[in-house]
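K.L.:
structure for the following, please:
(one chain, ligands or ions: 1)
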Amino acid sequence: MSISNLQIKNLRNISSISFAPSSAINIICGENGSGKTSILEAINVLGLTRSFRTNKARHLVQTEQASTVVFASIDPMAQGFKQSLGVERPVEGEARIRFEGGDIDLSTLAELIPLQVINSDTFMLLEGSPAVRRQFLDWGVFHADKAFIQLWRGFRRVLKQRNTLLKCGKIDNQLRQVWDREFIAFSDQLTRLRIEYLKLLKPEFDKVVSQLLGDMDVQLGFSYGWDKKRQLDEVLASNFERDLRQGFTGSGPQRADIKLKVDGHNAAERLSRGQKKLVVSALKLAQGALFQRMNGRPCIYLIDDLPSELDSAHGELFCKVLEQSSNQCFITCVDDSSLNAFWHSQTDIATFRIADGDIAAPM
Ligand SMILES: Nc1ncnc2c1ncn2[C@@H]1O[C@H](COP(=O)(O)OP(=O)(O)OP(=O)(O)O)[C@@H](O)[C@H]1O
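P.N.:
A predicted model of the protein is given here:
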């Protein structure tokens, strides 16, 4: 998967720009506030119709404009074909996605453009709530197994219905058992897919961790969302009174989590800021490597301010991992000279300097 042409209109301080990125490494440099992150944001809009910085389109769309539009020529299956994709995100209303002249929906778009973002929010994979880690995990399962999306939607539906009944108190033990049968059937399948995915991710993760952090012992574990030594039907039955009091279901895949430990200690408590950046990046890079192994095509990486938090030795290791992958990378930094020395002379690197929302030709 790569983008061979990109046009951005009316996004933050970018009125209109167009450029042809490299299929390998793209460095986007410029002063504070010049619009570097806005370019990454535009690619995120192209892949997901939304920003990674705000949920409100009015902040994303340039002041006094009605919508932002991102167009690209893409090669989704990495087969050497160019196909046109355009996403319009209006200030009000739904985004419109056009692919090869027809409308497509969001999950088709997400399948077309496998995006990975590494920015200051990525620390939330260690420091944030389990929901952040579940989202990371489910991105992988979504791309690994076609059955996932239907299963996930089915599970959300049953969970919502069960919670509504709990909240209104309109559920007795007999009715609970009827709903729990469906809840358990979805939970078992969802959990099985998550476990299978993590089993495949683990060796990829160990490999990237050893490249970035040497022999640091980082363990990746999984918590089901209930005590795995017990059957879920037994857990739901014994927690029923508590669920009724709270008005929601307290156990199940909606509480699943990824556990990251270093030498047996909670990684979020143990690691330095730079080490955290390397571990969360290793998760994302491992996910891209596994995606490529399973689907035969690479991901697009949006990496905001790569040099921040890293000393030059670790910055260099990070760059090495990126250039050894076949992912298309968009990397921002204030000063490209902070990365120049790290790249192999044969890597296809395009550097774009941004000033006031405008872009100069590749240097
Ligand atoms: N809706 C908007 N309309 C117009 N301009 C905007 C809007 N939202 C933000 N801006 C401006 O657009 C620019 C966005 O910059 P961006 O965050 O992409 O900068 P950056 O180059 O990544 O900077 P830094 O190095 O500080 O992270 C800023 O100058 C900001 O003030």
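K.L.:
okay, now residue 152: neighbour count?
P.N.:
A count of nearby residues for residue 152, using other Cβ atoms under 10 Å, gives 18. Glycine gets a C-beta too; all of them are placed from N, C-alpha and C.
K.L.:
list the buried residues for the helix or strand where it lies?
P.N.:
Assigning secondary structure by DSSP states H and E places residue 152 in helix 148-168. Residues 148, 151-152, 155, 158-159, 162-163, 165-166 are the ones in helix 148-168 that count as buried (16 or more other Cβ atoms under 10 Å).
K.L.:
what does stretch 340-349 give?
P.N.:
For stretch 340-349, by 16+ other Cβ under 10 Å, it's 342-343, 349.
K.L.:
before we move on, what about stretch 22-34?
P.N.:
22-30, 34.
K.L.:
got the end-to-end distance for that stretch?
P.N.:
Using Cα to Cα, to the nearest Å, one end of stretch 22-34 lies 21 Å from the other.
K.L.:
list of residues touching it?
P.N.:
Stretch 22-34 is contacted from outside by 2, 4, 13, 36, 39-40, 322-323, 326, 328-336, 339, 343, 347-357, 362, using Cβ atoms under 8 Å, 6 or more residues apart in numbering.
K.L.:
let's see it at 7 Å
P.N.:
2, 36, 39, 322-323, 328-336, 339, 343, 347-356 (Cβ atoms under 7 Å, 6 or more residues apart in numbering).
K.L.:
among the residues you listed, which are in helices?
P.N.:
36, 39, 322-323, 339 (DSSP state H).
K.L.:
among those residues, which are within reach of the ligand?
P.N.:
Contacts with the ligand within the ones in helices among the contacts of stretch 22-34, counted by Cβ under 6 Å from any ligand atom: residue 36.
K.L.:
in a strand, residue 249, correct?
P.N.:
No - Residue 249 sits outside any strand when classified using DSSP: H, G, I helix; E, B strand; the rest coil, being coil.
K.L.:
longest helix anywhere in the chain?
P.N.:
Longest helix in the chain, counting by DSSP H: helix 173-213.
K.L.:
elements contacting that one?
P.N.:
helix 130-144, helix 148-168, strand 218-223, helix 232-238, helix 273-295, helix 312-324 (3 or more Cβ pairs under 7 Å, 6 or more residues apart in numbering; DSSP states H and E).
K.L.:
quick revisit: how about JSON lines for the buried residues of stretch 22-34, with distance to residue 207 and pLDDT added?
P.N.:
JSON lines is the format used below for the buried residues of stretch 22-34 (distance: Cβ to Cβ, whole Å; pLDDT from 0 to 100):
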{"residue": "22", "distance to residue 207": "25", "pLDDT": "94"}
{"residue": "23", "distance to residue 207": "23", "pLDDT": "93"}
{"residue": "24", "distance to residue 207": "20", "pLDDT": "94"}
{"residue": "25", "distance to residue 207": "20", "pLDDT": "96"}
{"residue": "26", "distance to residue 207": "25", "pLDDT": "97"}
{"residue": "27", "distance to residue 207": "25", "pLDDT": "96"}
{"residue": "28", "distance to residue 207": "28", "pLDDT": "97"}
{"residue": "29", "distance to residue 207": "30", "pLDDT": "96"}
{"residue": "30", "distance to residue 207": "34", "pLDDT": "95"}
{"residue": "34", "distance to residue 207": "36", "pLDDT": "97"}
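K.L.:
what does the stretch 1-150 of the chain put close to the ligand?
P.N.:
12-13, 30, 32-38, 59, 62-63.
K.L.:
run the angle between the helix holding residue 152 and helix 130-144 for me.
P.N.:
Angle of helix 148-168 versus helix 130-144, following axes from the mean of the first three to the mean of the last three Cα atoms, to 10 degrees, is 150 degrees.
K.L.:
now the spatially closest residue to residue 218 that is not a sequence neighbour: how far from the ligand?
P.N.:
Distance criterion Cβ to Cβ, 6 or more residues apart in numbering; nearest residue to residue 218, sequence neighbours excluded, is residue 209 at 5.0 Å. As judged by Cβ to the nearest ligand atom, to the nearest Å, residue 209 and the ligand stand 28 Å apart.
K.L.:
run a quick neighbour tally on residue 209.
P.N.:
Neighbour count for residue 209, taken as other Cβ under 10 Å: 24.
K.L.:
residue 309 reaches residue 272, doesn't it?
P.N.:
No - look at residue 309 against residue 272 with Cβ atoms under 7 Å: they stay out of range, at 8.8 Å.
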